[in-house]
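S.K.: Give me a 3D structure for the following:
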Amino acid sequence: MLDRVEVDYFGTLTPLKSLAGISSPDASSLSIQPYDLSAMALIEKAITNCADLGMTPSNDGKQIRLNVPPLTADRRKEMAKLVSKLGEEGKVAVRNVRKTAMKTVDAMLKDKIISEDRKKALDKGIQALTDENVKKVEGMVKAKQEEITKV
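M.R.: As a prediction, this is how the structure comes out:
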């Protein structure tokens, strides 16, 4: 949940996990312990500004606590949409890897490192791996959406 939170630390956007230890003392809360206590206010501000979290941090001077609210039907729908969006990003990343691999194979053919037959076989294998991994991403998205929407 906090992976996308970045803190403006000395003028540089820094991932939260680089600035603090994050733990879950129970099922409905998160505890964030900054390595540098002077960054506490900056971390609180970054969490508050992260609109899609829907949580308000509380600070006791040594750590920040986040109470995770129970999921409402609307929040479940929002999270399912977010999972879908992240799944699409994952599929695009897989396709980008395919594109890079295909370019490499084309360059190898152009440099006469491989034959035309070998290129066709490699293209077929690359496409098969791409299809397999896209299906895995789709399966993970579907499973996570079902988990989220289950009451």
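S.K.: who's in contact with the closest residue to Ile22 other than its chain neighbours?
M.R.: Nearest residue to Ile22 in three dimensions, chain neighbours excluded: Ile32, at 5.4 Å (CB to CB, 6 or more residues apart in numbering). (Glycine included, C-beta is placed from N, CA and C.) Contact analysis of Ile32 by CB atoms under 8 Å, 6 or more residues apart in numbering lists Leu2, Leu16, Ala20, Gly21, Ile22, Ile43, Ile47, Pro57, Gln63, Ile64, Arg65, Leu66.
S.K.: Is Ile32 in a helix, a strand, or coil?
M.R.: strand (DSSP: H, G, I helix; E, B strand; the rest coil).
S.K.: ditto for Lys112
M.R.: Under the three-state scheme (three-state DSSP), Lys112 adopts coil.
S.K.: Is there a neighbour count for it? I'd like the number.
M.R.: 7 (other CB atoms under 10 Å).
S.K.: still on that earlier bit, what's the ChimeraX line that selects buried ones from the contacts of Ile32?
M.R.: If you want just the buried ones from those in ChimeraX, going by 16 or more other CB atoms under 10 Å, the selection is:
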select :2,16,20,22,43,47,57,63,64,66
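S.K.: Which single one of the contacts of Ile32 is nearest to Lys136?
M.R.: Nearest to Lys136, judged by CB to CB, of the contacts of Ile32 is Leu2 at 25.3 Å.
S.K.: Wasn't that closest one part of a helix?
M.R.: No. Using three-state DSSP, the secondary structure at Leu2 is coil, not a helix.
S.K.: could you check the distance from it over to Ala143?
M.R.: 22 Å (CB to CB, to the nearest Å).
S.K.: who touches the residue nearest to Ala39 when sequence neighbours are not counted in this structure?
M.R.: With CB to CB, 6+ apart as the criterion, Ala39 has its nearest non-adjacent residue at 5.5 Å, and that residue is Leu19. By CB under 8 Å, 6+ apart, Leu19 lies in contact with Val7, Tyr9, Pro34, Tyr35, Asp36, Ala39, Ile43.
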